[in-house]
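*Asks:* make a model of this:
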Amino acid sequence: MELGLAGKTVLVTGASSAIGKATALAFADEKAHIAVGYHRHREAAEETAASARQRGATAITWQLDLNQTDTLEAAVQDARRQLGPIDVLVNNAVNWPSWPEPGELFETAPPERFAASVTANLLGPYLLARAAVTDMRARGWGRIVNVSTGLVEDGFPGNVSYVAAKSGLHGLTRVMSRELAAAGILTNVVMPGFTPADKHMPPQLIDTASTAAATKRVSEPEDAARMIVFLCSAANTNTTGEAIRTDGHFLSPG
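*Replies:* Numbering: from 1, shown residues only. As a prediction, this is how the structure comes out:
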C-alpha cells in the first residue's frame, strides 16, 4: 500500500520512547521528515532521531514543554524552520498526574492536579494543532492524530484529572474533524492499550493486564504506531472524527 508520506513533515510529541518512538520510526520507514519531540529526555530523543536517519529519513530532535503553553507556537515555528511546512501532527506526549492517595475520589482530589492535567493533556495539544494547521490549510492537505486512552470510555477510579483531560481530546477532535475536513485535513483519535514497554512494571501487573485483553497479551508500541501512521497517510482518504482502539479489546479494571 502506498502511504504517500515520503517528504512529508511530521511532528511527533513524546517521541523519545514507547509509542512515540515507535511512531517516529514507522514514519521514518516511509521516508518522512520527522521532528522527534521530547521534554526532558534529550539523549533518548537523539537516539530515536539517529535511528530514523539510519532508515533513510530526515530527523531532528524537538524540545517542547506542554505545561509551558505560551511557548508551543514558537516550538512549532522552530520545527517548521528546520523541516519545512507541517503536514502531520501526532499529539502523543502525556503528562502523568501524581498517583492518587488510597481511597481518593473525584471530590477529594486536589483541584490543582486537575488543572495541571487539563493544561498539559488538553490545552497543550489544542495549541499545537492551532499552530500546525495553518500550513495544512495552505497546502490543502493534513493529518492530525491525538493519542488518548480507552479509560475515557471505561472510566478508572482515582484518575479523574487524567481521564477528564483525555476525554476532552475526543470532543476537540470531533469539532476539528467537522471544521477541517473540507480543507483536506483529517483528524482522529487513537486509543492504545496497556503498553508497559520502556516502563518498569512488576511482572505480576503485566500478567494481570494481559488477561484483561481479548487477545490475551499486553499492547506493543507498534500496535498503536501502525494505526497512527495509516491515519496520517494518503492511504486514509475518508476517515476523520473517529476514536479507534488498538488495545486488543482491553477491558479496564474497575
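*Asks:* what residue ranges in the chain score low on pLDDT?
*Replies:* Across the chain, residues meeting the criterion (pLDDT under 70) sit at 97-100, 198-202, 204-206, 210, 212, 252-254.
*Asks:* just the strands from it, written as ranges.
*Replies:* Per DSSP state E, the chain carries strands over the ranges 9-12, 33-38, 58-63, 88-91, 142-147, 185-192, 243-246.
*Asks:* reformat the ones you listed as TSV; add mean neighbour count and distance to residue 110.
*Replies:* C-beta here means a position set from N, CA and C on the backbone, and glycine is covered the same way. TSV is the format used below for these (neighbours: other CB atoms under 10 Å; distance: least, CB to CB, whole Å):
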stretch	mean neighbour count	distance to residue 110
strand 9-12	28	31
strand 33-38	30	27
strand 58-63	20	28
strand 88-91	30	25
strand 142-147	26	25
strand 185-192	25	26
strand 243-246	18	28
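*Asks:* using TSV, please lay out those strands together with distance to residue 175.
*Replies:* Listed next are the strands of the chain as TSV, based on distance: least, CB to CB, whole Å:
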stretch	distance to residue 175
strand 9-12	20
strand 33-38	24
strand 58-63	26
strand 88-91	15
strand 142-147	12
strand 185-192	9
strand 243-246	13
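*Asks:* quick one: which of these is nearest residue 46?
*Replies:* strand 58-63 (5.7 Å; CB to CB).
*Asks:* need the CA coordinates for the closest one. CSV is fine.
*Replies:* What follows is strand 58-63, C-alpha atoms only, in CSV (Å, rounded to 0.1, in the frame of the first residue of the first chain):
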residue,chain,number,x,y,z
THR,A,58,15.4,13.3,7.8
ALA,A,59,15.0,13.7,11.5
ILE,A,60,15.6,16.4,14.2
THR,A,61,15.1,16.5,17.9
TRP,A,62,12.4,19.0,19.0
GLN,A,63,12.1,20.1,22.6
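*Asks:* strands paired with that strand, and their directions?
*Replies:* Looking at strand 58-63 with DSSP bridges, its partner strands are strand 33-38 (parallel).
*Asks:* so for residue 168, which of the strands of the chain sits nearest?
*Replies:* For those, proximity to residue 168 was assessed by CB to CB; strand 142-147 is nearest, at 9.9 Å.
*Asks:* with just CA atoms, put the closest one into CSV.
*Replies:* Output in CSV follows, covering the C-alpha atoms of strand 142-147 (Å, rounded to 0.1, in the frame of the first residue of the first chain):
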residue,chain,number,x,y,z
GLY,A,142,-3.0,17.5,6.5
ARG,A,143,-3.4,14.8,9.1
ILE,A,144,-3.7,15.1,12.9
VAL,A,145,-3.9,12.2,15.4
ASN,A,146,-4.5,12.8,19.1
VAL,A,147,-3.4,9.9,21.3
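*Asks:* re earlier: of all the strands of the chain, which one is nearest residue 216?
*Replies:* Closest to residue 216 of those is strand 243-246 (CB to CB; 15.6 Å).
*Asks:* quick one: residues in contact with the closest one.
*Replies:* Residues outside strand 243-246 that contact it (CB atoms under 8 Å, 6 or more residues apart in numbering) are 148, 150, 170, 173, 188-193, 219, 223-224, 227, 231.
*Asks:* equivalent analysis for stretch 128-135, please.
*Replies:* Contacts for stretch 128-135 (CB under 8 Å, 6+ apart): 11, 13, 64, 72-73, 75-77, 80, 85-87, 89, 91, 142, 144, 172, 176, 180, 185.
*Asks:* drop anything exposed from those residues.
*Replies:* 11, 13, 64, 72, 75-76, 80, 86-87, 89, 91, 142, 144, 172, 176, 180, 185 (16 or more other CB atoms under 10 Å).
*Asks:* quick check: phi and psi on the most centrally placed residue in the chain?
*Replies:* Against the mean C-alpha coordinate of the chain, by CA atoms, centre = their mean, the closest residue is residue 92 at 1.8 Å. The phi/psi pair for residue 92 (degrees, to the nearest 10) reads phi -100, psi -30.
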